[in-house]
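[1] next come a sequence and a model predicted from it.
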Amino acid sequence: MTTSIKRDEYYQPILDKDGNTIKSQWTNRRCAFLRMDVNGPKNPNQFGHDAFELIVEKGRVSTNGWSFTGQQSLTNIISGKDELIYTNYVKGGKVKL
């Protein structure tokens, strides 16, 4: 069993009514996370635009469910829908995960 902080779709911690983080326990079945940048060092180097993440588990490979890793764009690409969904980042700016 793995214990971690419960997070929302943007990877922000979920808090209880008193402002404390909520912990969750789960069984980790992941073998690997594969992160790729499909155009190498060329810009924009952003998840959902040219960078994506896959999860490798026993018997399956899937997109990561966290939206900040480009999950929706990669799902669209795999299913033949021509739409990238990502957040533009500004160098030195704060990124909302």
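    Noted; the coordinates are in hand. Numbering: from 1, shown residues only.

[2] pLDDT score for the residue of the chain most remote from its centre?
    For the chain, the largest distance from the centre (C-alpha atoms, centre = their mean) belongs to D18, which lies 27.5 Å off. Looking at D18, its pLDDT is 96.

[3] and for Y10?
    The model's pLDDT for Y10 equals 79.

[4] likewise N28?
    Listed pLDDT for N28 reads 78.

[5] check the one 4 residues further on too.
    Looking at A32, its pLDDT stands at 90.

[6] please enumerate the helices of this protein.
    With DSSP state H as the definition, the chain shows helices at residue ranges 71-79.

[7] stretch 32-50: end-to-end distance?
    Stretch 32-50 has an end-to-end distance of 20 Å (C-alpha to C-alpha, to the nearest Å).

[8] now the strands for the protein?
    Along the chain, the stretches classed as strands by DSSP state E are 2-5, 23-26, 30-37, 51-57, 60-63.

[9] which of those strands is buried the deepest?
    Burial of the strands of the chain is given as mean neighbour count (mean count of other C-beta atoms under 10 Å); strand 51-57 ranks first at a mean of 17. Heads up, the C-betas are built off the backbone N, CA and C, glycines and all.

[10] next, the angle from that strand to strand 30-37.
    Strand 51-57 runs at 160 degrees relative to strand 30-37, counting by axes from the mean of the first three to the mean of the last three C-alpha atoms, to 10 degrees.
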